[in-house]
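In: Pasting a predicted model and its sequence here:
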Amino acid sequence: MISKVLFGKPYRTDAVTAPVPEAAEVARFRVTAGERALTFTCPLGPEDAVYGLGETMGPVNKRGGRYISFNTDTAEHEDTNPSLYASHNFLAVDGERPFGVFFDTPARVIFEIDYKRSGVIRVVCETGDLTLYQMESGSVQEMCRELLAAVGRCYLPPLWAFGYGQSRFGYATPEDFRRVADGHRLNGIPLDYICMDIDYMDGYRDFSFNKKHFPDIAAFVREMRGRGVRLVPIVDAGIKIEPGDPVYEEGIRNGYFCRNRDGGFFRAAVWPGMTHFPDFLNTKARAWFGGLYRFYTQAGIEGFWNDMNEPAIFYSEYSKGHGAGPLKFLLSLLPGKKRREKRARELLRDYKSFYHDMDGRRARHYDVHNLFGAMMTRATGEGLEKLLDHRYMLFSRSSYIGAGRYGGVWTGDNTSKWEHLRLNVRHMPSLNMCGFLFSGADTGGFNGNCTRELLLRWLAFSAFTPLMRNHTGKFTRAQEAYEFGDTEAFRRIIGLRYRLLPYIYSEYMKAALRSDLYIKPLTFVYPGTRDIEDQLLVGDSLMIAPVVEEGAVGRRVYLPEAMTLVRYDGEFHCQPVSAGWTEVKAAVEEVVFFIRRGKLLPVGKQIESTAEYDSEHLTLLGDGESYELYTDDGLTRACGEENIRVIKKI
Ligand code: GLC
């Protein structure tokens, strides 16, 4: 049962689309009102676990931590950092009487969950305007399903978006993209798309191509399609202030940008220099922005990543007045607590200095901050729905619950270190609980230099995440799968992803259609496994236990029941393993995972891109009897249960 309680005059977030009945009162929390804020407290049983919060630091069980929903452009993915790029204010409490709660407010929210052993959940919503959704069901998984059903159907990517993607900040010329495509093809390493980072643009302007490099972008898109590769350009939130530029002029003419208190348009510097922010919280501005993607779709492009949409601000017209500029900004990035705190203070002042027109209701940005990226995703999604007659690829850096209907997310600027591979493992189930099924991290790491071993282990994990993209920064060591001397192991592990596609695609589509999770913690299915957060359930048939330690030759794995161990070294080798703890060998060049008892895993033939995808000639591994396979043309919007057929093991 899901119900809602309204406080104050909530801003419209459109996070929930299903009708939800109003309840007379809040079931589990005591509510206390401050001057502006509302505080919600609820005692926790000594054994209760708390799940949810999507993209946050810390463990999967959030108990013991302090987290702040305030979307932030941050490369500090450390446990001391309370805020990442997204706000997912949903908690599911697993205890004697499980319950779920979603604090639907775009303002800043502080979550203290048995923090400093307080024994309570304490949630401070900085403004008293919110809708609280509460769920009372049998289990935490059921609570997640209820939330996802209320939010509405999850985004359905095309099949090719489940392929492998290569990306790097710095690819600029057609030669760069050709080299990457050929590097994969010549080495037999599968590839479906290459992301175009900001260097494709003319002066970092959205909706532009560098004319010298891309005089005929449609021809280049066709050429790359001929090599079996799609191009996926980045689109940033800010529109460069450039009189004469049609996008800028149109935005100004129609008043589509966020405004200062005095009514002028707010100015903030991001990659292109000074920009205006489109008012994504305004329906008309959103429709305008979504329509601008025609610039790309008419060239044959069908996939995008939306970035800098927290929104990131390097410096603003206000801080500029205080002497900030590109140089000061770069200096502010140097390590140092003082510098960081000063920058954070400036940023808050900026967020308090501009306004949205939420279809007639004026809102100070700071009070609706966490909705900005989500509404950019929505603008893009709704635009692409009109511009294309089939499914599109889309993932965003910033998000809020509900944005999962329009696109996926990636988890931002991580680092090439083992801890961030482990963080990726922890993020995936939590993101799924909040409706972001199409998600993944920068495989190999964005900052820093990746090693062969780290990339192989990371690929072996990403092979199971819906978004599988290798992305790195501008000044890091080359991280393409053919850049580490030998290519055999890379070909094999990325190849495994493609052999698993019939399963990954089916499980994703079924989860999305049925308001369910694609990746979940072990404990959602196997009671008593709460402490095991480094093993995950992927779809209905698989358990994975990724190797996430440097120099490891295998790892200890807990089997809650007897399963089939699958070792992939180019071939699938299956062997039964009994329940309990077991030591599993896993060389860096191979992948080991498990098929649950009574379940099946359909695997396909070795292919090098989703263009060769064949859902007819499958091998069924495992000891189950039947499997529900989802098949369609990979593009059609007509996705439903009718595309699911039961295949049986003979
Ligand atoms: C941001 C993004 C990163 C991208 C870079 C340049 O840091 O998070 O993925 O490469 O901007 O566009």
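Out: All right, it came through fine. Numbers count the residues shown, from 1 in each chain.

In: Figure out the helix or strand that the closest residue to the ligand within the stretch 401-550 of the chain lives in.
Out: Closest residue of the stretch 401-550 of the chain to the ligand, CB to the nearest ligand atom: residue 413 (4.7 Å). Every C-beta, even on glycine, is put in place using the N, C-alpha and C of the backbone. Residue 413 belongs to no helix or strand when assigned by DSSP states H and E.

In: Now do the worst-scoring helix or strand of the chain on mean pLDDT: which elements does it pack against?
Out: In the chain, the helix or strand scored least confidently by mean pLDDT, DSSP states H and E is helix 326-332, which has a mean of 71. Judged by 3 or more CB pairs under 8 Å, 6 or more residues apart in numbering; DSSP states H and E, helix 326-332 is in contact with helix 337-351.

In: where does the helix or strand following the helix it packs on sit relative to the chain's centre, distance-wise?
Out: In the C-terminal direction, the helix or strand that comes right after helix 337-351 (DSSP H and E) is strand 354-358. Mean C-alpha position of strand 354-358 versus that of the full chain (CA atoms, centre = their mean, to the nearest Å) differs by 26 Å.

In: partners of strand 354-358, with directions?
Out: Strand 354-358 pairs in its sheet with strand 259-260 (antiparallel), strand 361-364 (antiparallel), by DSSP bridges.

In: Phi, psi for residue 104 please.
Out: Dihedral angles of residue 104 (phi, psi; degrees, to the nearest 10) stand at phi -90, psi 90.

In: about what we covered before: need the CA coordinates for the least confident helix or strand of the chain. CSV is fine.
Out: The C-alpha trace of helix 326-332 is given here as CSV (Å, rounded to 0.1, in the frame of the first residue of the first chain):
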residue,chain,number,x,y,z
PRO,A,326,39.2,31.1,-15.5
LEU,A,327,42.5,31.3,-13.7
LYS,A,328,41.0,31.8,-10.3
PHE,A,329,38.7,28.9,-11.1
LEU,A,330,41.5,26.6,-12.0
LEU,A,331,43.4,27.6,-8.8
SER,A,332,40.2,26.8,-6.8
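
In: which outside residues touch it?
Out: 269, 273, 314, 315, 324, 339, 340, 342, 343 (CB atoms under 8 Å, 6 or more residues apart in numbering).

In: Buried ones among these?
Out: 269, 273, 314, 315, 324, 343 (16 or more other CB atoms under 10 Å).

In: So which residues on the chain come close to the ligand?
Out: 169, 197, 198, 234, 307, 397, 412, 413, 446, 471 (CB under 6 Å from any ligand atom).

In: Wasn't the fourth one part of a helix?
Out: Spelled out, it's residue 234. No. Checked against DSSP: H, G, I helix; E, B strand; the rest coil, residue 234 lies outside a helix; its state is strand.

In: give the contact list for it.
Out: Residue 234 neighbours (CB under 8 Å, 6+ apart): 195, 196, 197, 198, 200, 304, 305, 306, 307.

In: Next: residue 334.
Out: Applying CB under 8 Å, 6+ apart, no residues contact residue 334.

In: do you know how far it is from the ligand?
Out: 17 Å (CB to the nearest ligand atom, to the nearest Å).

In: Quick check: which element contains that residue?
Out: Going by DSSP H and E, residue 334 is not in any helix or strand.

In: Report pLDDT for it.
Out: Looking at residue 334, its pLDDT stands at 74.

In: Centre of the chain to stretch 513-527, how far?
Out: 17 Å.

In: and if you look at stretch 326-335?
Out: 28 Å.

In: distance of the residue in the stretch 251-400 of the chain that the ligand sits nearest to from residue 270?
Out: Using CB to the nearest ligand atom, the single residue of the stretch 251-400 of the chain nearest to the ligand is residue 307, 5.0 Å away. From residue 307 across to residue 270, the span is 10 Å (CB to CB, to the nearest Å).
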